[in-house]
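Participant: give me a 3D structure for the following:
(2 chains)
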Amino acid sequence: MNLTGNIESKVLTASLSGISLTGNISARNLICNVDAYEAGGGPTPPTYEPETEILCAEGRYTTAPSTALKDLINTTIKGLKDDGVFAKGDCLYFRNVHEELFACQNWIKNAHNSTLVNTPEFTPKIGFKGNGLTSYIDNNYNPYSDALNFGLNSATIAWMCPALGTNNERYILGTLTGGAPATYIIAYFKTAANEVMFMNEKTLTGNNNVAMSAGSYISYSKINNGIQGYLNGYVSGGVDTVTTADRISIYDMFEFCGSHNTGPFVFYNGSLAFSFYGGALNDAESLALYTRAKYFTDNVGGTF
Amino acid sequence: MKTLIIPEDRVEKLRSMKFEKNWHTLNPVEGELDGKPIYFLQAELKDNETFNEALSDFEVCEIKDIEIFEDRYYDEKGAEISEAKIVQDKLSKVELVHKTILIQSKLNI
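Facilitator: Numbering: from 1, shown residues only, chains lettered A, B, ... in the order given. This next block holds a predicted model:
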């Protein structure tokens, strides 16, 4: 055991086999804080990824995330970085955290944090729910002007819906304001046909829309003119082909968005727990994103 | 559903308002009621702690009980297009004009 100290500064420190002690001398009493770690856990306190620290910084929450939640966030971010997914993202939102403000934060960087319009309903551990009428989320992310990775010929959108909506013909993710050029990025959900689709342009060939159900995770990746859908991380259906000229939306990305034509008007009324916008993910990266999102969703409940 | 009818001249003021929870905003939705263009919000927002002060200023607001919110689509010439046809055409082969038609509950008329 080593004990070092400086009486004048009234600070003593000691360490013993991975147990750290620090103390201040005050009125002849030595008050120690013991940070004891599990055997084999190592003597050093946990270090977080820089992105975790930026995300969990003051001002980005009302109530600070618990240590357990921060640890889970860090595990997720580190994993996504190792997977090569994080670097391809422009926006990553986990809505299923402990409070509204923190649920609005972009994990990739401190920009394009979401604005809640007309109060989508928030439930901790679940996410936001649209009211099918007036509520939506503005991500303050304009693919035309803000994208670093999302591109005309390389794009992915992904989302997870804990609960589906009841109204037909609604759009989950996309840009809302219409007129030409209108929206060329959209995830669309139609209850009756149980279909969704991703469009980065006005027209697709084929009919390989991914069937969605409550709790499912969907993503679409576009590389050049081909768009591949994924369900729960795995390829679903064939590649749809864009048949007309590409353009990127010049409007903010919305969740529970209304229409890609004109609007605003009536919105989607399901739930959203997670969403991602970035450059095209390949099959392995798409599976990795799903796996990380699922792990976070499955484990966030125990962190607060 | 109880719906707050927002006068058109107040819409921009509402949209530009800042709230204590500054990640929240209000954005009245455009629709049509009895053939007249209107803007509306869900009436529950009047009781929301973030918005109640802002909306309490809107003494002239009417509350209507809306039974149906109906989407209608029109082509460039004003002819109505069915939603089935829009879906069949992959949504956007045509630039559509959209209207949300509000139909009041019979008890309210």
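Participant: contacts, neighbours, all on C-alpha from now
Facilitator: Will do.
Participant: contacting residues around B:K64?
Facilitator: Taking CA atoms under 8 Å, 6 or more residues apart in numbering or on different chains, we find B:K64 in contact with B:M1, B:K2, B:T3, B:L4, B:I5, B:Q104, B:N108.
Participant: contacting residues for the first one?
Facilitator: I take that to be B:M1. Contacts here follow CA under 8 Å, 6+ apart; on that basis B:M1 touches B:Q42, B:K64, B:D65, B:I66, B:E67.
Participant: hmm, try it at 10 Å
Facilitator: With contact set as CA atoms under 10 Å, 6 or more residues apart in numbering or on different chains, B:M1 has these partners: A:133, B:42-44, B:63-69, B:104-105.
Participant: dump those into JSON lines; add distance to A:A214, pLDDT and secondary structure as well.
Facilitator: Output for the contacts of B:M1, formatted as JSON lines (distance: CA to CA, whole Å; pLDDT from 0 to 100; DSSP: H, G, I helix; E, B strand; the rest coil):
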{"residue": "A:L133", "distance to A:A214": "20", "pLDDT": "81", "secondary structure": "coil"}
{"residue": "B:Q42", "distance to A:A214": "26", "pLDDT": "89", "secondary structure": "strand"}
{"residue": "B:A43", "distance to A:A214": "28", "pLDDT": "89", "secondary structure": "helix"}
{"residue": "B:E44", "distance to A:A214": "27", "pLDDT": "87", "secondary structure": "helix"}
{"residue": "B:I63", "distance to A:A214": "34", "pLDDT": "88", "secondary structure": "strand"}
{"residue": "B:K64", "distance to A:A214": "33", "pLDDT": "89", "secondary structure": "strand"}
{"residue": "B:D65", "distance to A:A214": "30", "pLDDT": "90", "secondary structure": "strand"}
{"residue": "B:I66", "distance to A:A214": "28", "pLDDT": "88", "secondary structure": "strand"}
{"residue": "B:E67", "distance to A:A214": "27", "pLDDT": "85", "secondary structure": "strand"}
{"residue": "B:I68", "distance to A:A214": "25", "pLDDT": "81", "secondary structure": "strand"}
{"residue": "B:F69", "distance to A:A214": "24", "pLDDT": "79", "secondary structure": "strand"}
{"residue": "B:Q104", "distance to A:A214": "31", "pLDDT": "82", "secondary structure": "strand"}
{"residue": "B:S105", "distance to A:A214": "31", "pLDDT": "78", "secondary structure": "coil"}
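Participant: can you turn the buried part of these into a ChimeraX selection?
Facilitator: Of the contacts of B:M1, the buried ones can be selected in ChimeraX as follows, counting by 16 or more other CA atoms under 10 Å in any protein chain shown:
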select /A:133 /B:42,43,63,64,65,66,67,69,104
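Participant: how about the contacts of B:M1 in JSON lines, adding distance to A:T123?
Facilitator: Formatted as JSON lines, those follow (distance: CA to CA, whole Å):
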{"residue": "A:L133", "distance to A:T123": "18"}
{"residue": "B:Q42", "distance to A:T123": "19"}
{"residue": "B:A43", "distance to A:T123": "21"}
{"residue": "B:E44", "distance to A:T123": "17"}
{"residue": "B:I63", "distance to A:T123": "27"}
{"residue": "B:K64", "distance to A:T123": "28"}
{"residue": "B:D65", "distance to A:T123": "27"}
{"residue": "B:I66", "distance to A:T123": "26"}
{"residue": "B:E67", "distance to A:T123": "27"}
{"residue": "B:I68", "distance to A:T123": "27"}
{"residue": "B:F69", "distance to A:T123": "26"}
{"residue": "B:Q104", "distance to A:T123": "30"}
{"residue": "B:S105", "distance to A:T123": "30"}
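Participant: what subset of the contacts of B:K64 is buried?
Facilitator: Buried members of these, counted by 16+ other CA under 10 Å: B:M1, B:T3, B:L4, B:I5, B:Q104.
Participant: so where do the strands sit in the stretch 101-250 of chain A?
Facilitator: A:115-117, A:121-123, A:127-129, A:136-138, A:154-160, A:170-175, A:186-190, A:195-199, A:217-223, A:226-231, A:234-241 (DSSP state E, counting those that start in this stretch).
Participant: with mean neighbour count and distance to chain B added, can I get those strands in CSV?
Facilitator: Shown next, in CSV, are these (neighbours: other CA atoms under 10 Å in any protein chain shown; distance: least, CA to the nearest CA, whole Å):
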stretch, mean neighbour count, distance to chain B
strand A:115-117, 21, 5
strand A:121-123, 17, 11
strand A:127-129, 27, 13
strand A:136-138, 27, 9
strand A:154-160, 25, 19
strand A:170-175, 27, 10
strand A:186-190, 25, 9
strand A:195-199, 24, 9
strand A:217-223, 26, 16
strand A:226-231, 24, 15
strand A:234-241, 18, 12
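Participant: those strands: which one's closest to A:V85?
Facilitator: Closest to A:V85 of these is strand A:154-160 (CA to CA; 10.8 Å).
Participant: just the angle between that closest one and strand A:226-231, please?
Facilitator: Computed with axes from the mean of the first three to the mean of the last three CA atoms, to 10 degrees, the direction of strand A:154-160 lies at 20 degrees from that of strand A:226-231.
Participant: where does chain B have low pLDDT?
Facilitator: B:58-60, B:82-98, B:107-109 (pLDDT under 70).
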